[in-house]
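*Asks:* Just a sequence and a predicted model for now, questions to come.
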Amino acid sequence: MGTPPQPDRIVRTICGSCHCECGVLAHVKDEKVVKIEGDPDHPQNRGMMCPKGMAATQLLYHPERLQYPLRRKAKRGEGAWERISWDDALDILASHYLRIREQYGPEAFVWGWGDGPRGGEIVLNRDLLESYGSPNVFHSDAHYCYQPVMIGNGLTFGTFITSEVGPDYQNSRCIFLWGGNPVHSHPTRLRDIMEAKAKGAKIIVVDPRFTDMAAKADMFLQVRPGTDDALGLGLLHIIINEELYDKEFVRDWCIGFEKLRERVRDYQPDRVADICRLSPDDVIEAARTYAVFKPASMHTRMGLQMSTNSVQTIRIASILTAITGNIDIPGGNLIRNHPKGFRSLTDLRTAHRVLREETENLRPGAKDYPLYYGAKAITFRDCHPPSVIKQVLTGRPYPIKGMSMVNDLLMCLENSRETLEALRSLDFFCQADFFMTPTAQYAADLVLPAATWLECDEICDVFYINFVSARQRVVEPVGECRDEKEIVCELSERIGVPFTTPVKTPEDYNNYRIEGMGVSFDDLRSRTCIMEPMQYKKYEQTGFNTPSGKVELYCALMAEYGYDPLPNYAENPESPVNSPELLSDYPLILITGGRHIAFYHSSNRQIPWLRELNPEPLLEIHPETAAELGIREGECVYIETPRMEGRVRLKADLTLSVASGVVHAPSHWWYPERNFSEGDLFESSINAILDNDPPYDPISGATPLRGRLCRVYPINSRESSGEFDATGEMVNGSILDISS
């Protein structure tokens with residue numbers, strides 16, 4: 001092997017391949033990025049990098065990357081496109097914004113995003129849309145991604161601290177990982193966790209799957225899918241009844257403790273263990289370990305957020321954090337303290353601007369879930385995703401006729417066929433992305449080529465605790481790709497709708513966010529980051545950001561809106577307990593969505609290095625369950641669910657990581673390398689057989705993706721389909737040429 005060429009320059013920037021936002025050193029030779037490595041001086045990652053970031057050059061220079069604006073010239077889905085200029089593309093987009101507002105009213109236009117990390121374009125498009133008169137910002141996972149944590153934390157103590165932002169792992173003596181696997185989802189946090197473990201920290205993992213993180217744990221509780229709320233109430237029962245809680249903190253800073261004590265009285269270890277299929281001794285040990293080994297940090301993630309009781313389950317985790325006194329102390333869950341004068345992404349997204357309350361309450365989902373989507377919502381005030389799709393199709397209570405989105409939507413939402421039908425029924429649909437995704441191919445009228453993170457300037461802060469950084473453009477965009485912030489700024493000018501902030505260009509936006517710090521974006525880009533010294537127990541000076549100023553174990557605001565003000569246990573409606581009549585035909589419990597480090601939702605399946613790590617969708621199934629069903633290792637199987645017609649095809653992975661009677665299917669799967677028909681599009685997409693109908697979580701509208709029922713069977717007929725031969729095996733092995 002020869003010596004690699006020396007770069008002409010090395011540019012310090014921030015990775016945007018997921019929401020960890022790690023520091024990067026980008027090596028540039030002849031104005032091309034030739035190497036990506038971690039920045040050892042950046043506090044987020046301290047030099048480490050995950051595969052997504054290191055493969056960014058394969059995204060940047062991918063031969064199939066969109067490079068020019070495209071206009072559809074035949075029926076949607078026929079794949080007939082013509083290249084147009086940016087002036088024409090922006091004129092088309094602007095004309096539809098103006099036409100739809102004139103014909104149907106501003107609320108008939110929706111802007112949003114599907115998969116993928118997003119920053120300033122979210123803020124600017126929301127700002128533009130509100131000035132335009134529409135309350136309708138929409139993204140694929142608003143009902144079950146981080147927002148249930150934001151509202152569950154927010155209702156309890158007024159801030160967001162139990163997801164990947166908040167836990168001070170490195171200083172913890174006990175780390176409680178609940179429904180998350182940072183090995184794949186937040187690898188920088190994994191490194192912090194393992195450093196704490198090396199110093200003696202106890203690690204507790206609660207998950208239906210024996211994940212990579214569970215393999216490193218001191219305790220693993222393999223809970224029955226969808227029963228985390230019962231487990232949490234059992235943990236509270238033990239901690240309260242054994243008086244392991246922080247009496248001083250509860251006395252001074254909590255309200256509703258005696259009501260909470262009464263609520264958890266009936267959740268004895270034996271009862272909880274029976275509900276959750278656990279050992280009573282393990283439930284007791286987990287409660288004692290978390291309460292006694294202080295300081296302790298709590299990490300909650302998607303496993304708690306995809307049920308019909310997701311917000312209350314997050315409330316339970318929040319209350320556990322509070323009554324043990326682990327809020328805003330070293331080694332506990334920290335409240336952010338960004339640099340003074342900084343306008344954070346969260347601040348800008350939650351800012352209440354120009355719309356009247358009655359307009360805000362036109363938002364799909366606002367009437368049914370007012371604390372989540374209404375005018376007085378305590379989180380981002382986005383639309384309820386299933387409600388948007390159904391309103392597009394029905395036109396009730398008012399029509400939605402236009403939509404502009406960034407990144408793929410179609411492979412991200414449940415009931416993919418209904419989503420496709422809705423998108424195709426729109427008068428106008430515009431998609432900005434890196435590739436011709438399923439959404440763009442089958443639904444778009446206009447496709448815009450977006451710049452990658454290596455081609456943009458941006459302020460980064462959303463998952464940082466006490467610092468901000470600058471993502472700076474490393475190279476000029478390939479072809480005619482553009483920063484999405486630039487696109488929305490030009491759109492604002494064309495439709496004559498100014499932003500509510502003093503911003504006209506992406507440069508204005510970046511400087512606006514940090515002007516209160518007394519620095520410019522040029523100042524910030526010359527530094528690794530600007531960090532604020534960490535302060536603790538900030539609530540002692542300011543109180544908590546709740547109506548009472550204290551931690552609300554009993555939440556009066558929830559009672560005001562008709563919700564249970566105390567956390568409760570509610571079994572998923574479709575489960576072995578609530579739907580025993582289905583078990584003869586659908587005997588297995590299905591969980592979906594376990595992330596792989598190579599992918600970010602539906603993205604990256606075109607990237608050779610990343611696809612090599614995860615070449616095809618595998619259904620995890622216990623060997624005993626497989627034997628009962630006559631399923632062999634590596635055999636292709638069908639999976640069906642009771643509430644949806646159709647089936648999807650996956651390859652069986654016999655593993656002890658799931659319990660007997662439980663199967664796990666990956667989400668967002670599609671095959672970019674196929675010249676597929678619509679039938680092929682959903683062949684292995686679990687979302688194609690998951691409905692998005694009620695019942696939902698009563699507060700967030702979340703759909704239950706962890707704990708539904710299903711059946712699985714081998715493909716006995718061995719029919720041939722696409723890339724599969726007559727034995728049900730993949731014809732080409734890895735199904736993607738990974739030689740490049």
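*Replies:* Looks like it came in fine.
*Asks:* the helices in the stretch 251-400 of the chain, which residues?
*Replies:* Along the stretch 251-400 of the chain, the segments classed as helices by DSSP state H, counting those that start in this stretch run 257-263, 269-276, 280-292, 310-323, 345-350, 357-360, 370-373, 385-394.
*Asks:* Pull up the gap between residue 55 and residue 489, please.
*Replies:* 30 Å (CB to CB, to the nearest Å). The C-beta positions use only the backbone N, C-alpha and C, and glycine is treated the same way.
*Asks:* which sections of the stretch 601-740 of the chain are below the confidence cut-off?
*Replies:* 676, 717-740 (pLDDT under 70).
*Asks:* ok, back up a step: let me know which of the helices of the stretch 251-400 of the chain is the nearest to residue 251.
*Replies:* helix 257-263 (8.3 Å; CB to CB).
*Asks:* got a list of contacts for that closest one?
*Replies:* Helix 257-263 is contacted from outside by 233, 236, 240, 250, 319, 323, 553, 554, 566, 567, 568, using CB atoms under 8 Å, 6 or more residues apart in numbering.
*Asks:* list the buried ones in that helix?
*Replies:* 257, 260, 263 (16 or more other CB atoms under 10 Å).
*Asks:* again with stretch 56-64
*Replies:* Within stretch 56-64, judged by 16+ other CB under 10 Å, the buried ones are 56, 57, 58, 59, 60, 62.
*Asks:* measure it end to end?
*Replies:* 14 Å (CA to CA, to the nearest Å).
*Asks:* that older thread, can you list the helices of the stretch 251-400 of the chain in a markdown table and add mean pLDDT and distance to residue 716?
*Replies:* What follows is the helices of the stretch 251-400 of the chain, written out as a markdown table (pLDDT from 0 to 100; distance: least, CB to CB, whole Å):
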| stretch | mean pLDDT | distance to residue 716 |
| --- | --- | --- |
| helix 257-263 | 98 | 50 |
| helix 269-276 | 98 | 35 |
| helix 280-292 | 98 | 40 |
| helix 310-323 | 98 | 38 |
| helix 345-350 | 82 | 51 |
| helix 357-360 | 95 | 54 |
| helix 370-373 | 94 | 45 |
| helix 385-394 | 97 | 35 |
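*Asks:* which of the ones you listed sits most buried?
*Replies:* helix 310-323 (a mean of 28; mean count of other CB atoms under 10 Å).
*Asks:* got the contact list for the top helix by length along the chain?
*Replies:* Secondary structure of the chain per DSSP state H: the longest helix is helix 86-104. Helix 86-104 is contacted by residues 69, 71, 84, 108-109, 132-133, 398-399, 401-402, 404, 427-428, 430, 446, 448, 480, 482, 487, 490-491, 494-495 when judged by CB under 8 Å, 6+ apart.
*Asks:* can you tell me which of these are in strands?
*Replies:* Cross-referencing the contacts of helix 86-104 against strands under DSSP state E gives 71, 109, 402, 404, 428, 430, 446, 448.
*Asks:* thinking again about what came up before, I'd like to know which of the contacts of helix 86-104 are buried.
*Replies:* Buried members of the contacts of helix 86-104, counted by 16+ other CB under 10 Å: 69, 71, 84, 108-109, 132-133, 399, 401-402, 404, 427-428, 430, 446, 448, 482, 487, 490-491, 495.
*Asks:* what's next to whichever strand or helix holds residue 37, contact-wise?
*Replies:* Element membership for residue 37 (DSSP states H and E) is strand 32-38. With CB under 8 Å, 6+ apart as the test, strand 32-38 has contacts from 4-5, 7, 15, 22-28, 45-49, 53-54, 56-57, 60-61, 454, 474-475.
*Asks:* need the helices of the stretch 251-400 of the chain in CSV with distance to residue 167, can you?
*Replies:* What follows is the helices of the stretch 251-400 of the chain, written out as CSV (distance: least, CB to CB, whole Å):
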stretch, distance to residue 167
helix 257-263, 23
helix 269-276, 23
helix 280-292, 13
helix 310-323, 9
helix 345-350, 17
helix 357-360, 33
helix 370-373, 24
helix 385-394, 28
